[in-house]
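[1] structure of the sequence below:
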Amino acid sequence: MRINKKMVMGATLTLLALSLSGCNREAETETVKGQKTLGVALPNLTNPYYVAMKKSFEESGAAKGFKVKVSIADNDDAKQLSQVQSFIQQKVDVVAVNCITSGPCVSVVSELNRANIPVFTINILPDTGGMKQQGAHMVQGVQTDQKAGGKFIGEQLVKDLGPDAKAIIGIVGEPTSSASIDRDDGFKEGIASNPNLKVVALVNGKVEETTSLKVTTEMLQGNPDMTIVFSDTEPAALGSVAAINQLGSKGKVQLYAFVDKEGVKHIQDGSVLKAGAIQEPVKLASLLVDSVSKHFAGETLPEILNSPPLLVNKDNAADVIDQAY
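    Model prediction:
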């Protein structure tokens, strides 16, 4: 029987190709096996802030070679704890947690400590006292310097009004949030150089635009001499703008606030919202991913990494709007 040399050669090349293909698959499998997984626990995706943060984690993580798994707790502390326990069962290599509430978040950190999984926290950090009490620890907390942001805004207000101006001020805040409390404290520190600027009311906007509209309206109606409102969350800023406009108080009442992209647009307009500070969730997530890489490379990290917010006024609003989420 004659052997067709062309057929033999073709078969040999096919076998060689299959062999090489198999080697490539093995190499790819080894690469996947060596890839570390970053679990990310976020509070919600109703706030554009967390939408931007989620995207940044996914993109920054991929750029650094991590597989990123994201869980969304729908603002439920118990659900966030359960999701982190699921990360533990999945044997992820590291977890980044944006706490929903600082107190309950201590249990989340403790669970990860017991599982010997490095834990990083971002934006809203666990309660310091609770961490000490439970002996819990994190590798690093990455956060916006909230107090600095409030102070920047307060100092801008003093500059806008003049050093001897008088004003009655109300705050639309979120009294159960450590971040909001820090912002309020910073704002008060920023206006302290002028004792004629007096804060007389604090109402809870619950980080909701509709609630903030309601409570700002009630606060202004109950304090007819009030001429300044400070809103310490981005949704509160939009609710306060609506309240001031609906009451026909534009020109009489001015607003200073933490803002998002919509808020920056209002600062550009300048009719109600005069200045604010923007957080950069994309930057925070990127900083944390970079810290995770450094941790696995054996570097020692500071326990807290503060990223200052960006002050926005009419002079720079057009230039920084693309940096807002």
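
[2] what comes up buried for stretch 89-96?
    For stretch 89-96, the neighbour count (16 or more other C-beta atoms under 10 Å) marks Val92, Asp93, Val94, Val95, Ala96 as buried. For glycine as for every other residue, the C-beta is placed from the backbone atoms N, C-alpha and C.

[3] equivalent analysis for stretch 242-261, please.
    Residues of stretch 242-261 classed as buried: Ala242, Ala243, Ile244, Ser249, Val253, Gln254, Leu255, Tyr256, Ala257, Phe258, Val259, Asp260 (neighbour count, 16+ other C-beta under 10 Å).

[4] quick revisit: can you pick out the most distant pair from the buried residues of stretch 89-96?
    The largest separation in the buried residues of stretch 89-96, counting by C-beta to C-beta, is between Asp93 and Ala96 at 11.4 Å.

[5] show me whatever sits in contact with both of those two.
    Taking C-beta atoms under 8 Å, 6 or more residues apart in numbering as the criterion, Asp93 and Ala96 both touch Leu38.

[6] burial of the residue lying closest to Phe87 once chain neighbours are set aside, as a residue count?
    Nearest non-adjacent residue to Phe87, counting by C-beta to C-beta, 6 or more residues apart in numbering: Gly39, 3.9 Å away. The tally of other residues near Gly39 (other C-beta atoms under 10 Å) stands at 24.

[7] can you confirm Gly39 is in a strand?
    Yes. Counting by DSSP: H, G, I helix; E, B strand; the rest coil, Gly39 is located in a strand.

[8] any weak-confidence spans in the stretch 1-150 of the chain?
    By pLDDT under 70, the low-scoring segments of the stretch 1-150 of the chain are 1-33.

[9] tell me the secondary structure of Gly141, please.
    Here Gly141 is strand, with the state taken from three-state DSSP.

[10] quick one: the helices in the stretch 151-300 of the chain?
    Along the stretch 151-300 of the chain, counting by DSSP state H, counting those that start in this stretch, helices occupy 178-191, 209-222, 234-246, 261-269, 281-296.

[11] of those helices, flag the one that's most buried.
    helix 234-246 (a mean of 24; mean count of other C-beta atoms under 10 Å).

[12] so which elements touch it?
    Secondary-structure packing of helix 234-246 (3 or more C-beta pairs under 8 Å, 6 or more residues apart in numbering; DSSP states H and E): strand 167-173, helix 209-222, strand 228-231, strand 254-258, helix 261-269, strand 273-278.

[13] nearest to Gly129, of these?
    Of all these, strand 167-173 comes closest under C-beta to C-beta, at 21.3 Å.

[14] who touches that closest one?
    With contacts defined as C-beta under 8 Å, 6+ apart, strand 167-173 is touched by 161, 180-181, 183-184, 187, 191, 196-205, 212, 215-216, 219-220, 223, 225-233, 236, 239-240.

[15] ok, now which ones touch the closest residue to Glu262 other than its chain neighbours?
    Counting by C-beta to C-beta, 6+ apart, Leu238 is the residue found nearest to Glu262 once chain neighbours are left out, at 6.0 Å. Applying C-beta under 8 Å, 6+ apart, we find Leu238 in contact with Glu209, Ser212, Glu262, Gly263.
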